[in-house]
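In: my questions are about this predicted structure, shown below with the sequence.
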Amino acid sequence: MDERLEEDDITALAGLTDAPPHRKAYSYSQQLRTESGTNYKRHQQLRKHSLDETEILSSHPSNVYSSDEEDFYPYSTTTSINNAASGGGGGGMGIASGTMSDHHVDYHVHLSQKINGLGLGDGAMDESQDLPQLPLPEFIGAGGGVGIFKAPTRAAVHPARPSCLELRPHPLRETQGGKFLRTIACTETQLWAGQESGVRVWNLSDAYLPGIGMGGRARRGDEDAAPFYESVNISPTICMKVDLGSKLIWSGHKDGKIRSWKMDQTYSSDSSFKEGLSWQAHRGPVLSVAISSYGDLWTGSEGGFIKVWPWESIEKSLSLSAEERRMAALLVERSSIDLRSQVTVNGVCNISSSDVKHLLSDNVRAKIWAAGSLSFSLWDARTRELLKVFNVDGQIENRVDMSSVHQQAVEDEMNVKFVSKSKKEKSQNSFLQRSRNAIMGAADAVRRVATKGAGAFVEDVKRTDALVLAEDGMIWSGCSNGFLVQWDGNGTRLRDMNRHFNGVLCFCTYGSRIWVGYTSGMVQVLDLEGNLIAGWVAHNGPVIKLVIGNGYIFSLASHGGIRGWNISSPGPIDSILGPALAERKHTYTSFENIKILIGTWNVGQGRATHDALMSWLGSAVKDVDIVVVGLQEVEMGAGFLAMSAAKETVGLEGSSIGQWWQDHIGKALDEGSTFERTGSRQLAALLIAIWVRKTLRTHVGDLDVGAVACGLGRAIGNKGGVGLRLRVFDRIMCFVNCHFAAHLEAVNRRNADFNHIFRTMTFTRSSNLLQNAAAGVSSSAQMLRGTNAVAINPDEGKPDLAEADMVVFTGDFNYRLFGITYDEARDFVSQRCFDWLREKDQLRAEMKVGKVFQGMREALIRFPPTYKFEKGKPGLGGYDSGEKKRIPAWCDRVLYRDNRGTPTEGCSVECPVVASIVQYEARMDVTESDHKPVRCKLNVDIAHVDRSVRRQEFGKILKSNDEIRASLEALRFVPETTVNTDQIVLQNQDNYSLKITNKSGEDLAFFQIMCEGQSAIKEDATASDYRPRGSLGFPRWLEVTPAAGMIKPDEVAEISVRQEEFHKLEELVEGIPQSWWSEDTKDKEVMLLVIVKGSCSTETKTHRVSVRYCLSGSSAHIDQKGNTSRKHQGSSNHGSAL
């Protein structure tokens, strides 16, 4: 091993003697001599004093030590992967046991260590010699382990929520560019997902199979997902709807098209599947879709446009061959009914012009709900007549005017009628449309900024973000302020309630339960009265969609993760499944080891040479996986700081000088070949950036940024903090670069700066447009948190930083040396007596009493103070010798906190991140600033879950555990019910009362009536084959109300089954329908399906009732109250929430 020493170290070593420093009668520093390369003996102690009370642990596991009030421990777990797997800690410092203060572990020791090949120096050496790196002794601040300073609790199976089927584990955001999932839909056999490039489907029979893994056909981010199949690349999918009647999935897309996808087809892993029938539905994106109880398709788009696509035209188009697909699309397009134009007279429209983001089919009463952000319109599903327009407060609205912009939008929408236009015309219209949208967007932004603070964003608070039909017939809407509103079927607001203080994003209902998904990631289970049954954090991001299928409630998070929750959760199955899965944690736990280099430097508005950057960073990255760099005073000046503060208010950040630093640091790190720049955040003079080794990049992502100003009025970024949060092997790590208040006496201000940053820093996606474009996400600027900011995790009252597995604080903390003069400090520095200086360190003193950096760790400082130097002057003689003669100080520091609750805890799933410091030094040879750069290398052991293997174990337990199988069998129970007939004959608009009786004396029964299909009666009075309509809807001549509902024990539900005429006079000639999509006049028969289930049944029972419609001689005559077949629409179970 190369045992070279740099010249200044040799000189310092030669000058060391057993005599104390010349300015004092005694020395607080005692020399150590080496007996071997790894074990040291202490000389006889010259004097005993209060600074000698701290114990240093030995590497020998037999040594017993006490945790005194100073909390000073070396890290004792240099865990290898094999060691970690056994849960063992161990290792040590190579320092003999005994009562020894940290005064004896100073520069003398480390010069001797260099000589003996250990390479633990003050920063004068690089790592080209491949010297072994042992953990350094650490000082732990008091006050940790409680409140917001307690490391988060981890477990193999989350103890605070039901066990779940992780169909698609949380993918890293950076892997999802162009593939983000936006919505899901579910049948009993398949789960469909709409993504930014098409759709994908999971066969639920494959739900417990392992993922494809790295190198398989799945793209990065889907390695651990259950096997799935993808469509060809098409326009982003916004909404989806299941059609059980035609066995299709209907999807609405950003390009304005509706597309169909065949269920339960055979998929190939080698090729992507293709769409079926598709057509241009809207000029803008299709935001919502619903299927009525008559099988018609309703779609909503921007500007308040609602269109109806009659089932007859869809059915005809579906019957055409693939070669006739273009004709089929044209057939459907020409059949559309524009409801907005029908309720617009002389430019006055009776419905809102806001985007129709939600369509809900009320299949109980055959109505359609259309929801904008602040208003609803209620339609008759059969006649398509507008019944009511009302706002979110339930007040009826009478609209009397419509802006010219909206009139233009109507004209633009009418142009979709596919009248041929010249290319020039199309180009002009497209340009005008884009220009109008840009102007309206800019005007809206100006309006929001202008009204900010004085009742601003009231409309956003009340915005409707979710809509659902409960199984008892009530309608529920969810608002962005967390309110749940209950409505009756006529649009009367009944009541509202608040079960959670975050916004509602989605609903799902089954039996006697309603599931609610929130922006916080929370899922709640309510009963039909809105009472809270249970709630848990389902995802670490907003829950944007909930669907039901195969006995599961599937939740989709905004990050793309999909989890399945048992339909009875929380319940007995969870209490069995959770512990059983936890017992098998050894089968799905993996261990990793990485090294992280942290660099901090107050650059004093200067710039560094390449040699300086290589000395500081480039020389230390040979074995490093992640590099995090924090800079302070990148750029100062009142004008720059004011401009930066102004830019922050509109979501802009960064500067050309900040970019210069990132580029040049990247060159020192061999960016592009070895490292990849992952992200950065700049707040005025503060900059933090991160680089990840390319070989690790697939396991690192979900980068978020944060910034908190601590300057003037907590608004200026000359002081404050900038942070990065990211996932490493699915563990959360946060890095914060800070610059605290200056001056010797400002200790309390510095403590307050830390407290403010720790409590209020909130992480969001970076506002960097290039980064967002790469990740396929919208730009969302990270705004500064004010003094009144609250924690982002309100459920536990904890800030973001408290929820991380590892937190690293670095920067110019500005803590000084106290109780010492300039000359004394210079003298002790020159003699390398850092023991005395450490006891005069303000930061250490404040940490000892738990006032700052509570529970955080720092390696013992064994390098000279890093402040303040004269620029360009090398060596220790460069300390400030000007008029002010600022006392040297360790302003520039690195501290961290990992998952450990006790100092000796080993790496495990319960304590997944365990770190130690193996290098902590200043680069004294760098002279470009009045501060010296500091670097700190962390050795980090990480335990993480192989989610693909855990999903396999989940499936094995479900299939093999007798108790769980018994519980699942119990969920199949359906209350006993009867119907009063199995055959109904209607003639001349007869009305028949179908009665359903719940024979159970204890259980609720829920029913839904659907139509299996319609057939024509032959001449021999027999029925032909039944032809189902869309979503098993009713024919237009049949009215069934209510078509769904709840029956209490021992009670009877009466259902009206009635024949209705439906043609308008102008569509008939001599009593014969003229429209090709109109139904014929033969006698008909339909088969009604009365589907019954219990409150939480996984199975259903079906009663079949035939209804025959017999035409008399007058039956073909016109009912003046009827409606044209081109104006019919129906209802469905529930509408898309997107």
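Out: Arrived safely, thanks for sending.

In: could you pull out the strands for the stretch 951-1100 of the chain?
Out: Listed in chain order, the strands of the stretch 951-1100 of the chain (DSSP state E, counting those that start in this stretch) span 977-979, 983-986, 991-998, 1005-1016, 1038-1041, 1044-1047, 1052-1059, 1068-1069, 1072-1073, 1084-1093.

In: to residue 322, which of those lies closest?
Out: Residue 322 sits nearest to strand 1005-1016 of all the strands of the stretch 951-1100 of the chain, at 24.5 Å, using C-beta to C-beta. Just so you know, the C-beta spots here come from the backbone N, C-alpha and C atoms, and that holds for glycine as well.

In: can you check what angle separates the closest one from strand 1084-1093?
Out: 160 degrees (axes from the mean of the first three to the mean of the last three C-alpha atoms, to 10 degrees).

In: and strand 1005-1016, how far out from the chain's middle?
Out: Strand 1005-1016 sits 40 Å away from the centroid of its parent chain (C-alpha atoms, centre = their mean, to the nearest Å).

In: and the top strand by length along the chain, what's buried?
Out: Among the segments of the chain that qualify as a strand by DSSP state E, the longest is strand 589-602. Neighbour counts using 16 or more other C-beta atoms under 10 Å place 589, 591, 592, 594, 595, 596, 597, 598, 599, 600, 601, 602 of strand 589-602 among the buried residues.

In: ok, now stretch 843-860?
Out: Within stretch 843-860, judged by 16+ other C-beta under 10 Å, the buried ones are 843-848, 850-860.

In: how far is stretch 904-919 from where the chain is centred?
Out: With C-alpha atoms, centre = their mean as the basis, stretch 904-919 stands 26 Å off its chain's centre.

In: re the thing from before, between the strands of the stretch 951-1100 of the chain, which one is nearest to residue 1029?
Out: Closest to residue 1029 of these is strand 1005-1016 (C-beta to C-beta; 6.5 Å).

In: which other helices and strands contact the closest one?
Out: When contacts are defined as 3 or more C-beta pairs under 8 Å, 6 or more residues apart in numbering; DSSP states H and E, strand 1005-1016 sits against strand 991-998, strand 1044-1047, strand 1084-1093.

In: among those strands, which is nearest residue 389?
Out: For the helices and strands packed on strand 1005-1016, the distance to residue 389 is smallest for strand 1044-1047, at 25.1 Å, taking C-beta to C-beta.

In: for that closest one, what is the average pLDDT?
Out: Strand 1044-1047 comes out with an average pLDDT of 96.

In: same question, stretch 334-353
Out: Averaged over stretch 334-353, pLDDT sits at 90.

In: and residue 808, what is it in contact with?
Out: When contacts are counted by C-beta atoms under 8 Å, 6 or more residues apart in numbering, residue 808 touches 596, 598, 628, 733, 734, 735, 736, 894, 895, 896, 938.

In: please report how far it lies from residue 578.
Out: Applying C-beta to C-beta, to the nearest Å, the value for residue 808 to residue 578 is 33 Å.

In: and the contacts of residue 808, which is closest to residue 370?
Out: Nearest member of these to residue 370, counting by C-beta to C-beta, is residue 734, at 43.6 Å.

In: can you list the contacts of residue 808 in TSV and add secondary structure?
Out: Shown next, in TSV, are the contacts of residue 808 (DSSP: H, G, I helix; E, B strand; the rest coil):
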residue	secondary structure
596	strand
598	strand
628	strand
733	strand
734	strand
735	strand
736	strand
894	strand
895	strand
896	strand
938	strand
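
In: and those as JSON lines, adding pLDDT and distance to residue 965?
Out: Formatted as JSON lines, these follow (pLDDT from 0 to 100; distance: C-beta to C-beta, whole Å):
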{"residue": "596", "pLDDT": "98", "distance to residue 965": "47"}
{"residue": "598", "pLDDT": "98", "distance to residue 965": "52"}
{"residue": "628", "pLDDT": "98", "distance to residue 965": "50"}
{"residue": "733", "pLDDT": "97", "distance to residue 965": "41"}
{"residue": "734", "pLDDT": "98", "distance to residue 965": "43"}
{"residue": "735", "pLDDT": "98", "distance to residue 965": "48"}
{"residue": "736", "pLDDT": "98", "distance to residue 965": "50"}
{"residue": "894", "pLDDT": "98", "distance to residue 965": "54"}
{"residue": "895", "pLDDT": "98", "distance to residue 965": "52"}
{"residue": "896", "pLDDT": "98", "distance to residue 965": "47"}
{"residue": "938", "pLDDT": "98", "distance to residue 965": "47"}
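
In: buried among those? Make that a ChimeraX selection.
Out: ChimeraX command restricting the contacts of residue 808 to the buried ones, with burial defined by 16+ other C-beta under 10 Å:
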select :596,598,628,733,734,735,736,894,895,896,938
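
In: with respect to residue 1013, which of the contacts of residue 808 is nearest?
Out: Closest approach between the contacts of residue 808 and residue 1013, by C-beta to C-beta: residue 733, at 57.9 Å.

In: leaving out sequence neighbours, find the closest residue to that closest one.
Out: residue 806 (4.7 Å; C-beta to C-beta, 6 or more residues apart in numbering).

In: please tell me how far the one you found sits from residue 687.
Out: 21 Å.

In: for the residue nearest to residue 733, give me the backbone phi and psi.
Out: Here is the backbone geometry of residue 806 (degrees, to the nearest 10): phi -140, psi 140.

In: in terms of secondary structure, what does the next helix-or-strand element following the longest strand of the chain contact?
Out: Downstream of strand 589-602, the next assigned helix or strand under DSSP states H and E is helix 610-616. Applying 3+ C-beta pairs under 8 Å, 6+ apart, one finds that helix 610-616 contacts helix 656-668.
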